[in-house]
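Visitor: can you look at this prediction? I've put the sequence above it.
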Amino acid sequence: DMLGRVLEVVGKKPLGVMLEERLIKPLGMKDTSFVVPANKVHRIAEPLNIDPLTQKPFPPMLDLTQAQGNESGGAGLATTADDYVRFCQMLLNGGTLDGKRYLSRTTVALMTSDHLGPKVATPLQPGELLMGVQGYTFGLGFMVRQGQGMASVPGSEGDYAWAGAGGTFFWIDPKEQLIGLLMAQTPGPQRQYYRRMVKQLVYQALE
């Protein structure tokens, strides 16, 4: 959220306009926006209303058909798997896609580095927040794996990730040249279960 606001102040434009002009449209992400247009509403993945494990109602999700009052850097974009993979591939490539550069190689390296350091204490690590695991620190917009044996899920030192408010989760492993993407509308604690499970299954399948 803070990084999104910084972009608005520096660029002197709303975040949605900045993203559309500088990232979404140039990358060819045709189905990514803060508000899903009426002709695409039927494509929104609808979550279950009741948690099958607890039989309790799920918390309400964001209404993607309406503007949310502010365009948040931390949540609110709707997208598709195709668009999301293009974004991830650009990052894995060090800022380029289809022969065009969108971010400098050094910018991607800066974003995916540890910006806390060992002396900064946080009540909740990003890995605990998103997957219920430790061993991750904060970069600029990503959680970044600190070491090979410091987390209870598979991965490589330096892999980085983030998640969507509804359950979507992606990670990028530069050492394995790997992109993982889970598209989901799964509110509540089930999100962490599926994120861990998918990552474990992917790494178990590697030769």
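Guide: Received, thanks. Numbers count the residues shown, from 1 in each chain.

Visitor: so which helix or strand of this protein has the lowest pLDDT on average?
Guide: Between all helices and strands in the chain, the lowest mean by mean pLDDT, DSSP states H and E belongs to helix 126-131, at a mean of 70.

Visitor: what's the first helix or strand after that one?
Guide: Sequence order places strand 136-138 as the next helix or strand after helix 126-131, per DSSP states H and E.

Visitor: which strands and helices sit next to that next one?
Guide: Here strand 136-138 touches helix 126-131, strand 143-145, going by 3 or more CB pairs under 8 Å, 6 or more residues apart in numbering; DSSP states H and E. (C-beta placed from N, C-alpha, C; glycine too.)

Visitor: ok, and what's touching the last one?
Guide: Read it as strand 143-145. Strand 143-145 is contacted from outside by 112-114, 125-127, 129-130, 135-138, 151, 155-162, using CB atoms under 8 Å, 6 or more residues apart in numbering.

Visitor: try 6 Å this time
Guide: Contact with strand 143-145 is made by 112, 114, 126-127, 136-137, 155, 157, 159-161, as judged by CB atoms under 6 Å, 6 or more residues apart in numbering.

Visitor: filter those residues to the buried ones?
Guide: Buried residues within the contacts of strand 143-145, defined by neighbour count using 16 or more other CB atoms under 10 Å: 112, 126-127, 136-137, 155, 157, 159-161.

Visitor: rewinding a little: distance to E21 added to the contacts of strand 143-145, as CSV?
Guide: As requested, the contacts of strand 143-145 are exported to CSV (distance: CB to CB, whole Å):
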residue, distance to E21
T112, 24
D114, 30
P126, 29
G127, 33
Y136, 31
T137, 31
G155, 34
E157, 35
D159, 30
Y160, 25
A161, 26
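
Visitor: of the residues you listed, closest to Q204?
Guide: G155 (12.2 Å; CB to CB).

Visitor: pLDDT value on that closest one, please?
Guide: G155 is assigned 92 on the pLDDT scale.

Visitor: could you count how many residues lie near the closest residue to L206 other than its chain neighbours?
Guide: Nearest non-adjacent residue to L206, counting by CB to CB, 6 or more residues apart in numbering: E176, 6.9 Å away. For E176, the count of nearby residues is 15 (other CB atoms under 10 Å).
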